[in-house]
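[1] Based on what follows, work out the 3D shape:
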Amino acid sequence: MCLGIPGMILSIDATDTTLRMAKVRFGGIVKEVSLALTPEANVGDYVIVHAGVAISVVDEEEANKIISEIGELESPKEFTDRF
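    Got it, this is the predicted structure:
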């Protein structure tokens, strides 16, 4: 089973076109994520992230649905304590 978390792309570093990296917001947390598997992703898009890699682009409605299912991400400890 794969646990993918939705987040919103805040910025993209396209210095290396083969390995685009982005800052992605998950609730109050911002992480650097690889966009290598989602070349169509742009700033403002929502992506599903697994193990530091965006694996798909989803619309805001789908992202919100997933977030509501797993709960709001306030801190990594609170999130991991739920599972």
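[2] And the pLDDT for the closest residue to residue 39 other than its chain neighbours?
    Among residues not flanking residue 39 along the chain, residue 20 sits closest, at 7.2 Å (CB to CB, 6 or more residues apart in numbering). (Each C-beta comes from the backbone N, C-alpha and C, glycine too.) For residue 20, the model assigns a pLDDT of 92.
[3] ok, residue 20 touching residue 14?
    Yes: applying CB atoms under 8 Å, one finds residue 20 in contact with residue 14, separated by 5.4 Å.
[4] higher neighbour count, these two?
    The neighbour comparison of residue 20 against residue 14 (other CB atoms under 10 Å) goes to residue 20, with 18 against 11.
[5] Please go through this structure and pick out the longest helix.
    In the chain, taking DSSP state H as the definition, the longest helix is helix 60-70.
[6] Which positions within it qualify as buried?
    The neighbour-count check on helix 60-70 (16 or more other CB atoms under 10 Å) flags 63, 67 as buried.
[7] list the helices and strands that helix packs on?
    strand 5-13, strand 46-50 (3 or more CB pairs under 8 Å, 6 or more residues apart in numbering; DSSP states H and E).
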